[in-house]
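**Q** curious how this folds, go ahead:
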Amino acid sequence: EGIHEKDLDLSKIDKVIHEPTRLSMLAHLYVLDSADALFLRNQIGLTWGNMSTHLKRLEDAGYIDVMKAFVDRKPVTSFKLTKQGKEAFQQYRERLSGFLQKLPE
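**A** Below you'll find the model as predicted:
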């Protein structure tokens, strides 16, 4: 049987999700219903500029919704996984998990 080259092929992995910062963001949003920008920034430890670049990429891919509101007269931006984002994250997990399981010990 053995391992075939196709078993170790990650070329079809979602590159938008595979980037470590975006993977961390999506993992947080996958577990939570939604999260505000300050929470995500504190959890992941990013600058505002770096974080907004990654969030824009996720939004452009259709993986997150951006919600803006005022709380106590202060603007609050929150993020939530879309249905497409949830499905893409699940598919990413399955593909990466399958890849890792096929590696020899």
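**Q** for the host helix or strand of residue 25, packing partners?
**A** Using DSSP states H and E, residue 25 sits in helix 20-31. Where contact means 3 or more CB pairs under 8 Å, 6 or more residues apart in numbering; DSSP states H and E, helix 20-31 is packed against helix 15-18, helix 37-44, helix 48-60, strand 64-71, strand 74-81, helix 83-101. For every residue, glycine as well, the C-beta is placed using N, CA and C.
**Q** mind checking how far the nearest residue to residue 51 once chain neighbours are set aside is from residue 90?
**A** Counting by CB to CB, 6 or more residues apart in numbering, residue 51 lies nearest to residue 41, which is 5.4 Å off, once chain neighbours are set aside. Computed with CB to CB, to the nearest Å, the distance linking residue 41 and residue 90 is 25 Å.
**Q** what about these two, which has more around it?
**A** residue 41 (16 against 11; other CB atoms under 10 Å).
**Q** can you read off the pLDDT for that one?
**A** Looking at residue 41, its pLDDT reads 94.
**Q** distance check, it against residue 14.
**A** In terms of CB to CB, residue 41 sits 23 Å off from residue 14.
**Q** what of residue 105?
**A** Residue 105 is 27 Å from residue 14, by CB to CB.
**Q** who's more crowded, the two?
**A** Neighbour count, other CB under 10 Å: between residue 105 and residue 14, residue 14 has more, with 18 against 2.
**Q** from residue 45, how far off is that one?
**A** Distance from residue 14 to residue 45, by CB to CB: 23 Å.
**Q** now swap in residue 101 and tell me
**A** Taking CB to CB, one finds residue 101 at 30 Å from residue 45.
**Q** just to revisit the earlier point, got the buried residues for the helix holding residue 25?
**A** Buried residues in helix 20-31, defined by neighbour count with 16 or more other CB atoms under 10 Å: 21-26, 28-29.
**Q** for the closest residue to residue 16 other than its chain neighbours, report the pLDDT, please.
**A** Leaving aside its sequence neighbours, residue 16 sits nearest to residue 61 (CB to CB, 6+ apart; 4.8 Å). At residue 61, the pLDDT value in this model is 97.
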